[in-house]
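**Q** show me how the following folds:
(chains A and B)
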Protein chains: 2
Amino acid sequence: MITWKNMDTLASYQELQSVKPVALRSAMTGENGAQRVQNYSVPMGEGLAFNYGARPVDDDVLAVLAKFAQEAQLTEKFAALYNGEVINTGENRRVLHHMCRGQLGDAVIADGVDKREFYVGEQKKIAEFAAKVHNGEITNAAGEKFTTVCQIGIGGSDLGPRAIYLALENWAKVNNTLKMKAAFISNVDPDDAAGVLCTLDLAHSLFVLVSKSGTTLETLTNESFVKDALIKAGLNPSNHMVAVTSETSPLAASADYLAAFFMDDYIGGRYSSSSGVGGCVLSLAFGSDVFAQFLDGAAEADILAKNEDLLKNPAMLDALIGVYERNVLGYPNTAVLPYSQALSRFPAHLQQLDMESNGKSVNRFGEPVNYATGPVIFGEPGTNGQHSFYQLLHQGTDIIPLQFVGFKNSQMGSDVMIQGSTSQQKLCANVAAQIVAFACGKDDENANKQFAGGRPSSIIIGEKLTPKALGALLAHFENKVMFQGFAWNLNSFDQEGVQLGKVLAKKVLAHDTDGALKVYSDLLNI
Amino acid sequence: MITWKNMDTLASYQELQSVKPVALRSAMTGENGAQRVQNYSVPMGEGLAFNYGARPVDDDVLAVLAKFAQEAQLTEKFAALYNGEVINTGENRRVLHHMCRGQLGDAVIADGVDKREFYVGEQKKIAEFAAKVHNGEITNAAGEKFTTVCQIGIGGSDLGPRAIYLALENWAKVNNTLKMKAAFISNVDPDDAAGVLCTLDLAHSLFVLVSKSGTTLETLTNESFVKDALIKAGLNPSNHMVAVTSETSPLAASADYLAAFFMDDYIGGRYSSSSGVGGCVLSLAFGSDVFAQFLDGAAEADILAKNEDLLKNPAMLDALIGVYERNVLGYPNTAVLPYSQALSRFPAHLQQLDMESNGKSVNRFGEPVNYATGPVIFGEPGTNGQHSFYQLLHQGTDIIPLQFVGFKNSQMGSDVMIQGSTSQQKLCANVAAQIVAFACGKDDENANKQFAGGRPSSIIIGEKLTPKALGALLAHFENKVMFQGFAWNLNSFDQEGVQLGKVLAKKVLAHDTDGALKVYSDLLNI
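**A** Numbering: from 1, shown residues only, chains lettered A, B, ... in the order given. I've put the predicted structure just below:
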């Protein structure tokens, strides 16, 4: 029997307040530090490992976190989710994105169908469509192959698929599996669509329109923008466009599209990369085999997230250490710092995933909570960040927990030896050095050169950023955010906070404003 | 006579603690709100205005902030800076980036030359070189014109110039002044250089190597990477590369470069966009006239920053409201949210500018301070952010001050009318709506749909994002960060916090490690 309780009502949370905090600097120094880094590591699937040696926990803290996981029934709640219970209570919806990549529990029958079969069926439809595009069965009106795919979508229909495309573009090039270049149009700013379109060869471009509801104003506006451009170029838009939407949306049965692929209300936007929202553009870009590998990696991470043993469940462990940092130690932010240029937009996707899921002040019953919830998430790739904002991370007045990601091998294999080391070795040496610099600091008589240390981080280490590894990485963070939402007793799957702005923007466009809103509208010439 | 004092020793700062805080929600509601938005606006130069109607201040708070500005001698300190005093005491350097765009005060003679003449002289050298590249006097060995310019640099040699290039690329296209496409290589991750190089036509590419010291390891490594690629393509690297560096650097007199352009120790990396660091790549990409317009816009904003009247000095005003939010109201972050896709990487540049300048715990004398200093800066363009992390901004448990930027007109002028409004109108309607939604909130019986409001923001409004407007925008933030550094009594122009990581990374590469650092090195296969 699952009970949903606020975190501050749990005995283990009270205990967590009084457990002795870890003196990270001394804990990470000397042989003790070496032992921590060796011991505090857990496999994440696909050769990845989550190493939390430099997070501010020890066996005592971990023991209380394990009690917390049990008392908060975290794995039971996950089981309820993947077995199809209505976890998104505010919107009265199941939460089934895991089912796009595997069957973790019971069959879920909804809307008259087995949902796993439904998602797999859509994947097959997409794979067949992509194969026909690649082999020239589906072409433009002149019988020529499409060379570029351009996604039109915003938020979850943009950030995840875009981050994944960028993460695998160079991998695909060297593995001869880049079938089509991908582009993305998202912002309602007309300079976004206009700027992207002037880089495209329209006659050989296929557009993927993504909107679950079929009513997202930014996306429909950009669709019109693209259609205008196609018509001006003498092309028939319906030969150049497919839709990814829900079966009940106005787009579903429209003749305006070459094809339509379906998702449903049980796939939230920010969790939709595994569905057709990511699957269509990525299968077109890389081939459906590559997308299938990505799903396999995610599936492997999902299975690990079922483990009741906290120390063998990297997503739950990462989640609870984060709760400890947020609520007991009081750190308001987390930085995500991948030492991989391919992951340049991965932090932007995690920013949505995390902040939109858990940036909330009421629990799942709509009652205000008395504790801090989701932190601010930000980040840029290393080593670039080192030459940018790391100054504050090292010597600023606030402590900011850090999540590093690093890979032993580069994607493209091209490298250069300078001063006795390759670029890849320099990259990895830097992330190793940063972890220790943050944790251990360095004393100096000159206070300006003093590093206090005690700044926590973890690192996810992988062999190479492959489609499978990327899938496991993404699923790790999705599951981490889910477990934190359970811990904070939130509904991580709605987003009521985006509604008010929509309502007021409509009023502005209808010139139905007064007070400050009218003045801003006038100042902006609307 | 200037005295440098910690903020908490100032009487006006003590007074600031006790002035009655503004109830932003009610202040922004009704006719009172309309009046605030109309009155709380100050010109920023180049048709831009800084509107702080929705920041948590009123006439009483502003009066104390004005006292603070005077007691902290903010404009006198700025005058000392532009008159050439050694403001960067830790590194014993003047701070002269303003002089790249104008002469704000006395002539500064250093290293035996008038520094304004020196910077202008380098601009002229760059302009002449760029003109020769554009008109075909300087070509590749086959006598063909260069079509692409690729900057090799990291941190301040990358983020600012890249953000500016992206901000003006589409403007230049429609104004027929895009002379060369630009690309950027920054990360020591070998996949960065390899990935960029495989998109370039090497025979027609000109590389700009940027390193003030001539010793930045990432940049020299990427230079070698590029030289290898040029040689493999049968090209002579010295025909394809120019350097931007200091006159004392090993690169300055090397025969490896077609030309060398100089900066000096008085231009900090994150303040170097106005120098040859930005000037070379941007003059090649857009023509030197466009870069000159950018400098003119910055110069205009710099002159406004001299104003002793707080209410007529937008940079100082923005700075002090930020100090009030950080130190009296206790908000640890600031989000930068440009409603302009062209400014997609502008927040990343401001992130370095702000966090590297003021993310410090010791004052300019090397003594620990007892108050919070620089906040975390993050952001993405709107409307994209609305579909991503705005959920937390609206309904999260922390309050995060917001800096919006919006323009009345798009850059490219291409637009589409959907549901009675253009995309540009929708874009502007959204930012107006967001400001009011954040400030005023909305009550709802369902707590999940409740918006508490009281979330502060300001907006910078411009006519169009032109080179001049962009210059004024950049200078505003540079000067804001400078004034905040003065307020907090920091040295905003050094970055000792980046040193420890460099030292430890060298140890890792030399296999001179023990303890935790050795284990991380082993885990990463170094």
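**Q** is chain B within reach of stretch A:145-159?
**A** Yes: contact of stretch A:145-159 with chain B (C-beta under 8 Å from any C-beta of the partner chain) involves A:154-156, A:158-159. Every C-beta, even on glycine, is put in place using the N, C-alpha and C of the backbone.
**Q** buried ones in that stretch?
**A** Across stretch A:145-159, burial judged by 16 or more other C-beta atoms under 10 Å in any protein chain shown covers A:145-146, A:148-159.
**Q** and the stretch 101-250 of chain A, which residues reach chain B?
**A** Residues of the stretch 101-250 of chain A lying near chain B (C-beta under 8 Å from any C-beta): A:154-156, A:158-159, A:169-170, A:173, A:186-195, A:198, A:217-218, A:220-222, A:224-225, A:228.
**Q** out of the residues you listed, which are buried?
**A** The buried subset of these - by 16+ other C-beta under 10 Å - is A:154-156, A:158-159, A:169-170, A:173, A:186-195, A:217-218, A:220-222, A:224-225, A:228.
**Q** still on that earlier bit, which of the buried residues of stretch A:145-159 fall in helices?
**A** A:Leu159 (DSSP state H).
**Q** what's the closest of the buried residues of stretch A:145-159 to chain B?
**A** Closest to chain B out of the buried residues of stretch A:145-159 is A:Gly155 (2.7 Å), distances taken as C-beta to the nearest C-beta.
**Q** give me the number of residues near the nearest residue to the closest one once chain neighbours are set aside?
**A** Excluding the flanking residues, the one nearest A:Gly155 by C-beta to C-beta, 6 or more residues apart in numbering or on different chains is B:His387, at 2.7 Å. By other C-beta atoms under 10 Å in any protein chain shown, 27 other residues sit near B:His387.
**Q** go on, the one 10 residues further on?
**A** In terms of burial, B:Thr397 registers 20 neighbours under the definition other C-beta under 10 Å.
**Q** can you classify it as helix, strand or coil?
**A** coil (DSSP: H, G, I helix; E, B strand; the rest coil).
**Q** if I pick A:Leu104, what's in contact with it?
**A** A:82, A:98, A:302-303, A:306 (C-beta atoms under 8 Å, 6 or more residues apart in numbering or on different chains).
**Q** show the buried residues in those residues.
**A** A:82, A:98, A:302, A:306.
**Q** quick check: the spatially closest residue to the first one that is not a sequence neighbour vs chain B, distance?
**A** What that stands for is A:Tyr82. Leaving aside its sequence neighbours, A:Tyr82 sits nearest to A:Leu104 (C-beta to C-beta, 6+ apart; 4.1 Å). With distances taken as C-beta to the nearest C-beta, to the nearest Å, A:Leu104 is found 27 Å from chain B.
**Q** next one: A:Ser283
**A** 22 Å.
**Q** so what's that residue up against?
**A** A:Ser283 neighbours (C-beta under 8 Å, 6+ apart): A:126-127, A:130, A:290-291.
**Q** report pLDDT for it.
**A** Note on A:Ser283: pLDDT of 98.
**Q** name the element it belongs to?
**A** helix A:276-286 (DSSP states H and E).
**Q** which helix or strand lies directly C-terminal to that helix?
**A** That would be, after helix A:276-286 and using DSSP H and E, helix A:288-304.
**Q** buried ones in that following helix?
**A** For helix A:288-304, by 16+ other C-beta under 10 Å, it's A:288, A:290-302, A:304.
**Q** taking these together, which two end up most distant?
**A** The distance between the two most remote of these (C-beta to C-beta) is 25.1 Å, for A:Ser288 and A:Leu304.
**Q** quick one: strands adjacent to the lowest-mean-pLDDT helix or strand in chain A?
**A** When the helices and strands of chain A are scored by mean pLDDT, DSSP states H and E, strand A:417-418 comes last with a mean of 94. Its sheet considered, strand A:417-418 pairs with strand A:421-422 (antiparallel) by DSSP bridges.
**Q** could you point out the helix or strand that follows the partner strand?
**A** Next along the chain from strand A:421-422, counting by DSSP H and E, comes helix A:423-440.
**Q** put the alpha carbons of that next one into CSV.
**A** Backbone C-alpha positions of helix A:423-440 (Å, rounded to 0.1, in the frame of the first residue of the first chain) are rendered in CSV as follows:
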residue,chain,number,x,y,z
SER,A,423,43.6,16.4,-26.5
GLN,A,424,41.4,13.6,-25.1
GLN,A,425,43.9,13.0,-22.3
LYS,A,426,44.0,16.8,-21.6
LEU,A,427,40.2,16.8,-21.5
CYS,A,428,40.0,13.9,-19.0
ALA,A,429,42.9,15.3,-17.0
ASN,A,430,41.0,18.5,-16.6
VAL,A,431,37.8,16.9,-15.2
ALA,A,432,39.8,14.8,-12.8
ALA,A,433,41.7,17.9,-11.6
GLN,A,434,38.5,19.9,-11.2
ILE,A,435,36.8,17.4,-9.0
VAL,A,436,39.8,17.3,-6.6
ALA,A,437,40.3,21.1,-6.8
PHE,A,438,36.6,21.6,-5.8
ALA,A,439,36.6,19.0,-3.0
CYS,A,440,40.0,19.5,-1.5
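**Q** tell me how far whatever residue is furthest in space from the centre of chain A lies from A:Thr29.
**A** Taking C-alpha atoms, centre = their mean, the residue of chain A most remote from its mean C-alpha position is A:Glu445, at 42.9 Å. Look at A:Glu445 and A:Thr29: by C-beta to C-beta, to the nearest Å, they are 20 Å apart.
**Q** can I see the domain layout of chain A?
**A** A:23-83+A:305-494, A:101-292, A:495-526 (automatic domain parsing).
**Q** now A:Ala49: phi and psi?
**A** phi -130, psi 140 (degrees, to the nearest 10).
**Q** what's the burial count for the closest residue in space to A:Ala452 that isn't next to it in sequence?
**A** The spatial neighbour of A:Ala452 that comes closest, neighbours along the chain excluded (C-beta to C-beta, 6+ apart), is A:Gly441 at 5.1 Å. The number of residues packed around A:Gly441, counting by other C-beta under 10 Å, is 21.
**Q** hmm, back to that, and chain B, which of the buried residues of helix A:288-304 reach it?
**A** Within the buried residues of helix A:288-304, nothing lies near chain B by C-beta under 8 Å from any C-beta.
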